[in-house]
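Q: quick one, fold the following:
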Amino acid sequence: MRLSTNYMGLELKNPLVPSASLLTEKLDQIKILEDNGASAVVLFSLFEEQIEQEDSSLEFFMDYGTESYAEALSFFPKAHEFHTGPQDYLENLRKIKAAVNIPVIASLNGATPGGWMKYAKKMEEAGADGLELNIHYLPVDFNETSADVEKRYTDIVSWVKANVNIPVAVKIGSRFSSLPAVAKALEGVGADALVMFNRFYHPDIDLEKLETKRQIDLSRSREIRLPMRWISILRGNVNVSFAASGGVHSAKDVLKLIMCGADVTMLTSALMTHGPELMKTIEKDLIIWMDENEYQSISQMKGSMSLIHSPSPKTLVRDNYMRTLLEFQATKKA
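A: Numbers count the residues shown, from 1 in each chain. Predicted coordinates:
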């Protein structure tokens, strides 16, 4: 009970939630995660492209012109590269939900309003306890404004919320003109949680083959600073749950994010590096730290370091920036 937390209405035994990845694709893998302390799990994503490729003609239009500029080069997976189709995903969801005792959060990944969104309801009907909308969108249209991009997000969330009864988390990137305004807008259309943040994988170039290549770099602990900052700013000002994603590798990472205001911390890279057993170590280390520092519960520390507890939050943001530069300069001179 000391580690329990509430995430978008789901009562969880601890804040450790494996995020959508290859580790959360199959039932046997998820059982291992549950046995090692996962309080919930976000399933491997069902992609907009998988759903729309049921119409065989779409694959032609997706492929047409993709070699025309580097950013688009092989951007979308081919149909045969997906492990499962939409119906297989739903059946897998049913089996997983029936076999585990922790909340199962389905993941739907898309970027354009369209027929793929109807699968949110199908996931609810298949037994999902919640839904994570991963809106992975990279604007490359020079005529599309920031307001257009933000409306894309709110339109998708608004439609999904109108058609499901389960809680909906929205996984977003950090590169908005005004992240607080976007967060408030998503709250306004019914988002139950924000997952911060989506990692955009940037293409590299193979100099021998002279072609674009795809590569994933696993996260490191220092990457928690980005969600720490923004969750700290939004906590108490936006009435949603917060999930921190990216860089969670240890109990210290979890503690810092909880103090900034996260309700749960999501893990992938750490589990891929150290195995599911890492969650037991983190859970043990959390209890040890809480005992040593006289904390009775996670809820007691949640948001204690968020920006609303500063007497002058706007001044603090600017002050932190200046002091960081001055301290760096002093260190170099010494």
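Q: quick one: the helices in the chain?
A: 27-35, 48-52, 57-63, 86-99, 119-125, 146-163, 179-188, 225-234, 251-260, 269-274, 278-292, 298-301, 313-333 (DSSP state H).
Q: and the contacts of stretch 115-132?
A: By C-beta atoms under 8 Å, 6 or more residues apart in numbering, the surrounding residues in contact with stretch 115-132 are 8, 10, 20, 40, 42, 46, 48, 51-52, 86, 90-91, 93-94, 97-98, 103-108, 110, 133, 156, 159-160, 163-171, 192, 195. Using the backbone N, CA and C atoms, a C-beta is placed for each residue, glycine as well.
Q: of those, grab the buried ones for PyMOL.
A: Buried subset of these, written as a PyMOL selection, criterion 16 or more other C-beta atoms under 10 Å:
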select buried, resi 8+10+20+40+42+46+48+51+52+86+90+93+97+103+104+105+106+107+108+110+133+156+159+160+164+166+167+168+169+170+171+192+195
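Q: before we move on, the earlier item: flag whichever of the helices of the chain has the least confidence on average.
A: Per-stretch mean pLDDT for those is lowest at helix 57-63 (a mean of 47).
Q: ok now do residue 195, which residues does it touch?
A: Per C-beta under 8 Å, 6+ apart, neighbours of residue 195: 19, 132, 134, 169-172, 243, 245, 266.
Q: name all residues that make contact with residue 136.
A: 109-111, 171, 173, 198, 200.
Q: among these, name the ones in strands.
A: 109-110, 171 (DSSP state E).
Q: okay if I get these as CSV plus distance to residue 118?
A: Output for those, formatted as CSV (distance: C-beta to C-beta, whole Å):
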residue, distance to residue 118
109, 15
110, 11
171, 19
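Q: and these, which is closest to residue 298?
A: Minimum distance to residue 298 across those is 22.2 Å, recorded for residue 171 (C-beta to C-beta).
Q: beta-bridge partners for that closest one, please?
A: residue 134, residue 195 (DSSP bridges).
Q: now swap in residue 130 and tell me
A: Beta-bridge partners recorded for residue 130 (DSSP bridges): residue 105.
Q: can you report how many residues neighbour it?
A: 24 (other C-beta atoms under 10 Å).
Q: what bridges to residue 109?
A: Going by DSSP bridges, residue 109 forms beta bridges with residue 47, residue 134.
Q: find me the pLDDT at it, would you?
A: 95.
Q: can you check residue 80 too?
A: Value listed for residue 80 in the pLDDT field: 50.
Q: do the same with residue 83
A: 56.
Q: skipping its backbone neighbours, what lies nearest residue 248 in space?
A: Leaving aside its sequence neighbours, residue 248 sits nearest to residue 265 (C-beta to C-beta, 6 or more residues apart in numbering; 4.6 Å).
Q: quick check: that neighbour touching residue 16?
A: Yes - assessed by C-beta atoms under 8 Å, residue 265 is found in contact with residue 16 at 6.6 Å.
Q: how about the contacts made by residue 190?
A: By C-beta under 8 Å, 6+ apart, the residues touching residue 190 are 157-158, 161-162, 168.
Q: mind running it again at 6 Å?
A: residue 161 (C-beta atoms under 6 Å, 6 or more residues apart in numbering).
Q: any idea how far it is from residue 158?
A: From residue 190 across to residue 158, the span is 7 Å (C-beta to C-beta, to the nearest Å).
Q: spatially nearest residue to residue 219 (excluding sequence neighbours)?
A: residue 269 is the one closest to residue 219 (C-beta to C-beta, 6+ apart), at 4.2 Å.
Q: ok, now residue 40?
A: Residue 40 sits nearest to residue 103 (C-beta to C-beta, 6+ apart), 4.1 Å away.
Q: which phi and psi does the one you found have?
A: Main-chain dihedrals, residue 103, degrees, to the nearest 10: phi -60, psi 140.
Q: ok, residue 285 touching residue 249?
A: No - applying C-beta atoms under 6 Å as the test, residue 285 and residue 249 come out as separate, 11.5 Å apart.
Q: quick revisit: among the ones in strands among the contacts of residue 136, which one lies nearest to residue 36?
A: Once C-beta to C-beta is applied, the member of the ones in strands among the contacts of residue 136 that ends up nearest residue 36 is residue 171, at 23.5 Å.
Q: so how far is residue 292 from the closest one?
A: Counting by C-beta to C-beta - residue 171 and residue 292 are separated by 34 Å.
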